[in-house]
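Enquirer: predicted coordinates and the sequence they were generated for:
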Amino acid sequence: MTTSSSSGIGTARPRRRIVAWLLPGRRGRRLALALGSTILLIAIAGLPVFVFPPPGDPGDASLVYVIGPPQQERLDLARTLRDADRPVPLLISVSDSGTGHGEARFDAAALDVCRRRGVTCETPDPFTTAGESRLLDRYDATHESGKTVVVTFTPHVARTRYIFAKCSAADVTVVGVDTDLTLFDWVFQYAYQSAAFVKAWLTPCP
């Protein structure tokens with residue numbers, strides 16, 4: 001009896017150790033599967049918002065408005081929109097003099113386009129998308145613009161439409177320029193734009 005009992009206990013202990021070793025692996029796999037599924041759902045849900053927003057209609061615009069930072073891709077698209085039918089006025093949101101975005105400078109003094117005829121470069125207050133909507137209203141008060149094409153980059157299109165609809169009385173359509181983004185950049189944009197959407201929803205217009 002004593003020998004049989006000892007043998008049973010000795011056999012059970014390795015089995016318990018094996019089961020205990022396997023269970024964390026199973027839990028880890030389940031956790032990884034749940035995390036992967038959540039990330040995939042977020043990525044899919046964000047496609048029509050950040051990656052493939054509905055295109056705006058830039059036709060019949062009386063003003064083209066490049067919001068900041070006025071990177072070259074946005075300025076190139078604005079030039080194309082202006083040359084498509086007629087040289088409509090161009091409004092550009094620029095940063096304060098001497099400040100930039102990363103290593104590049106986007107103040108009026110650094111942009112040759114700001115010295116061309118038909119181009120107005122101004123700094124919004126505050127220097128945010130909501131501040132840029134306010135700048136457009138100020139511009140419209142003296143220039144009586146009609147339809148305005150707002151140029152930004154693709155991940156920012158949906159939030160720009162929401163903020164301008166909320167904070168501006170102008171007739172606005174928003175178009176986005178495609179920019180080469182890495183996978184890390186897209187992850188950052190998903191997180192940043194989502195948080196900024198919540199902030200825009202909670203924050204009153206300036």
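Expert: That came through fine.
Enquirer: tell me how the chain divides into domains.
Expert: Per the record, the chain has its domains at 1-52, 63-202, by automatic domain parsing.
Enquirer: what count of nearby residues applies to Thr38?
Expert: Taking other CB atoms under 10 Å as the criterion, the count of residues near Thr38 is 10. C-beta: built from backbone N, CA, C; applies to glycine.
Enquirer: follow-up on the earlier one: check the domains of the chain for me: which has the lowest mean pLDDT.
Expert: Note on these: domain 1-52 shows the lowest mean pLDDT, a mean of 67.
Enquirer: go through the domains of the chain and pick out the most buried.
Expert: By mean neighbour count, with neighbours taken as mean count of other CB atoms under 10 Å, domain 63-202 ranks first of these at a mean of 17.
Enquirer: span of that one from start to end?
Expert: This stretch, domain 63-202, spans 29 Å end to end (CA to CA, to the nearest Å).
Enquirer: same check on stretch 78-95?
Expert: End-to-end distance for stretch 78-95: 18 Å, by CA to CA.
Enquirer: what's in contact with that stretch?
Expert: Defining contact as CB atoms under 8 Å, 6 or more residues apart in numbering, one finds that stretch 78-95 is touched by 58, 61-70, 75, 101, 105-108, 111, 113-114, 118-124, 127, 132, 135-136, 139, 143, 145, 149, 151, 175.
Enquirer: so which of these sit within helices?
Expert: Leu75, Glu132, Leu135, Leu136, Tyr139, His143 (DSSP state H).
Enquirer: identify the residues contacting the residue nearest to Phe197 when sequence neighbours are not counted.
Expert: Closest residue to Phe197 apart from its sequence neighbours, by CB to CB, 6 or more residues apart in numbering: Arg159 at 5.6 Å. Arg159 makes contact with Thr129, Gln193, Ala196, Phe197, Ala200 under the criterion CB under 8 Å, 6+ apart.
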